[in-house]
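Participant: Below are the sequence and a predicted model for it; my questions follow.
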Amino acid sequence: MTTNATDAEEHLRAASDAILLLVREVDQLERHKRGIHPGEPRFDELATDVRRAAQYLAEFTEQEEAWARGASARGPMETISESVNPSPLSEILARWRAVERQLDEAEPGSPEASALFEEFGRIRDEYMTEFRSRAHSSAGDTIAS
């Protein structure tokens, strides 16, 4: 397998993992929002958070789509399920999933839920930063090759 194929596999896996988590984040935000009365400040905050998470979701799906279009030119590749999400993305992903599990148990509108959503956002931003860095690096490597 070529480096280009490996880069594409890693990128597609990282994007796919993020997409799945962002879909669940939107779901959790929306479920938490349903437990809060409209007009309360937390309701408005959650509505904004739903929009932001949906924007991140759109960004990852655009990245995945762009890389998927070029996948055939990169040579034979593993499926996303068969590929590995490289470190440090896999480590960030593990922390992201841990917070997600805690959110499943948190009471909507509670201080605990608010703190967990903030942590979820920080980890998401960290993942996106690393993802973009790897994508930029891979794109530069491909151009240089």
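Facilitator: Structure received.
Participant: give the contact list for the most centrally placed residue in the chain.
Facilitator: Ranked by distance to the mean C-alpha position of the chain (CA atoms, centre = their mean), the top residue is Ala18 at 2.5 Å. Counting by CB atoms under 8 Å, 6 or more residues apart in numbering, Ala18 makes contact with Tyr56, Phe60, Leu93, Arg124, Tyr127, Met128, Phe131. Any C-beta I mention is one placed from the backbone N, CA and C, and that applies to glycine too.
Participant: Just give the nearest non-adjacent residue to the first one, would you?
Facilitator: Pointing back at Tyr56 there. Spatial nearest neighbour of Tyr56, excluding adjacent residues (CB to CB, 6 or more residues apart in numbering): Leu22 at 5.6 Å.
Participant: go on, the fifth one?
Facilitator: On the basis of CB to CB, 6+ apart, the spatially nearest residue to Tyr127 that is not a chain neighbour turns out to be Ile92, at 4.7 Å.
Participant: where's Val23 relative to Glu112, distance?
Facilitator: 23 Å (CB to CB, to the nearest Å).
Participant: Same question for Trp67.
Facilitator: Counting by CB to CB, the gap from Trp67 to Glu112 is 37 Å.
Participant: the more surrounded of the two?
Facilitator: Trp67 (21 against 13; other CB atoms under 10 Å).
Participant: Isn't that one up against Arg13?
Facilitator: No: taking contacts as CB atoms under 8 Å, Trp67 lies outside contact range of Arg13: 10.3 Å.
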